[in-house]
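1. sharing a sequence plus its predicted fold:
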Amino acid sequence: MSIMDPLTEHLARTGHNPDPAQEAALQKLRGLVGADRRRHRRRSTARGLYLWGPSGRGKSWLMNAFFATASVDAKRRMHLHEFLHELQRMLATQHDLDAVLDRLLGDTELLCFDEFHVHDVADARYLAALIEAVLRRKLILVVTSNYPPGELLPNPLAHQRFTPTIAAIEKHLDVVEVDGGRDYRTTAGPRGAYLWPGAGRDDGGAPAALPEDPADEPVPLDLGGRSVTARQVRGTEVRFTFSDLCGAPTGTADYLLLADRFSSWVVTDVPVLVQADREPRRRLCNLLDVLTDRDAHVVLAGEHPPQVTFGGVPDVDWARTESRLRALTGW
């Protein structure tokens, strides 16, 4: 009888059958942590894996399965947004970036980041320092991304500043494309809904109704010195209008705070996004990143069918957001 490695055993136990692209990534993951894991710290560089490909191809699933079974004493898995939020919070009181990174990494041996992408120059500086710290500590690093390393920080005015970090990633991590041609998020079943007037149910019944207007007074929610207005709060359920949440100067750090408190979300009055300003659209993208990572239940509501509300958006990363919309709402 053959003895399965922990990762293969985990996949068999959970009933997953990897496609060829996923299996190729699994082969690389199996080699990261094994009998030589104690010796890897004596290597001259870090080692790890950079998994990239379109949304819904199973990158996060692969990383999560590896993280769950890796025989490493000190391991940490985070959404990149969460790490950057914590980093910026600590930098507000301790202004030494290297020292803060040392505190954050602690005795970590295995570090896993979901959604490793960068469009902001300030974030690029933090990520460059992070990669340097990982290499210095010779950690095992696994990340998922929708982009190959060379397309990180695509802004042509800033990209050149990040090329040393891209070169370090390509040198010290195995870069593996994961694209079996199938978006698995569209087959897993929605965790919520998108509603609009006249939307019929799949069973052909009566039209789905938009959530009724709440009778409560608007509720200000504290964001650490600032506030955002919710239209209704019921335990772990919260309701916003698109304008109140995404039209206000909110950011990923705010959504993380709110996601810690609320697991069920309703966002109404979603406009035709191609006609909306770019910043509210970007905030919606960041919000959906956070809610997807937190397995939140999400209901979005607008006046038009989803093809109209969400169609034709030209923004960078919109394909990823569209995949999340389909997974969260069943569109």
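-> Cool, the structure landed.
2. where along the protein do the helices fall?
-> With helices called from DSSP state H, the chain shows them at 6-14, 20-30, 59-69, 80-91, 97-105, 121-137, 159-172, 242-246, 252-261, 278-293, 306-309, 318-329.
3. can I get those in a markdown table including mean pLDDT?
-> Below are the helices of the chain laid out as a markdown table (pLDDT from 0 to 100):
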| stretch | mean pLDDT |
| --- | --- |
| helix 6-14 | 79 |
| helix 20-30 | 91 |
| helix 59-69 | 90 |
| helix 80-91 | 86 |
| helix 97-105 | 92 |
| helix 121-137 | 91 |
| helix 159-172 | 94 |
| helix 242-246 | 96 |
| helix 252-261 | 88 |
| helix 278-293 | 90 |
| helix 306-309 | 92 |
| helix 318-329 | 83 |
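4. make CSV out of those and add distance to Leu51.
-> All C-beta atoms are positioned from the backbone trio N, CA, C, and that covers glycine. Shown next, in CSV, are these (distance: least, CB to CB, whole Å):
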stretch, distance to Leu51
helix 6-14, 14
helix 20-30, 6
helix 59-69, 5
helix 80-91, 13
helix 97-105, 21
helix 121-137, 16
helix 159-172, 12
helix 242-246, 29
helix 252-261, 22
helix 278-293, 16
helix 306-309, 29
helix 318-329, 14
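5. which one of these lies closest to Val233?
-> Closest approach to Val233 among these (CB to CB): helix 252-261, 9.1 Å.
6. could you list the buried residues of the closest one?
-> Thr252, Ala253, Asp254, Tyr255, Leu256, Leu257, Leu258, Ala259 (16 or more other CB atoms under 10 Å).
7. quick one: contacts of stretch 85-96?
-> Leu97, Val100, Leu101, Arg103, Leu104, Tyr126, Thr252, Ala253, Leu256 (CB atoms under 8 Å, 6 or more residues apart in numbering).
8. how about Asn64, what does it touch?
-> Arg77.
9. before we move on, the earlier item: so which of the helices of the chain is nearest Gly180?
-> helix 20-30 (4.0 Å).
10. so how far is the closest one from its chain's centroid?
-> Centroid separation for helix 20-30 versus its chain: 21 Å, with CA atoms, centre = their mean, to the nearest Å.
11. also stretch 14-29?
-> 20 Å.
12. and Leu110, how close does it get to Thr241?
-> Here the distance between Leu110 and Thr241 works out to 41 Å (CB to CB, to the nearest Å).
13. cool, Arg326 as well?
-> To Thr241, Arg326 is 23 Å away according to CB to CB.
14. again, but for Thr292
-> According to CB to CB, Thr292 and Thr241 sit 21 Å apart.
15. same question for Arg261.
-> Counting by CB to CB - Arg261 and Thr241 are separated by 18 Å.
16. low-scoring stretches of the stretch 151-300 of the chain, by residue?
-> Along the stretch 151-300 of the chain, the parts satisfying pLDDT under 70 run over 185-190, 198-213, 215.
17. do that again at 90, thanks
-> 153-158, 180-193, 196-217, 223-226, 235, 251-253, 256-257, 260, 286, 289-296 (pLDDT under 90).
18. got the residue ranges for the strands in it?
-> 174-177, 193-195, 219-222, 227-230, 232-234, 237-241, 264-270, 297-302 (DSSP state E, counting those that start in this stretch).
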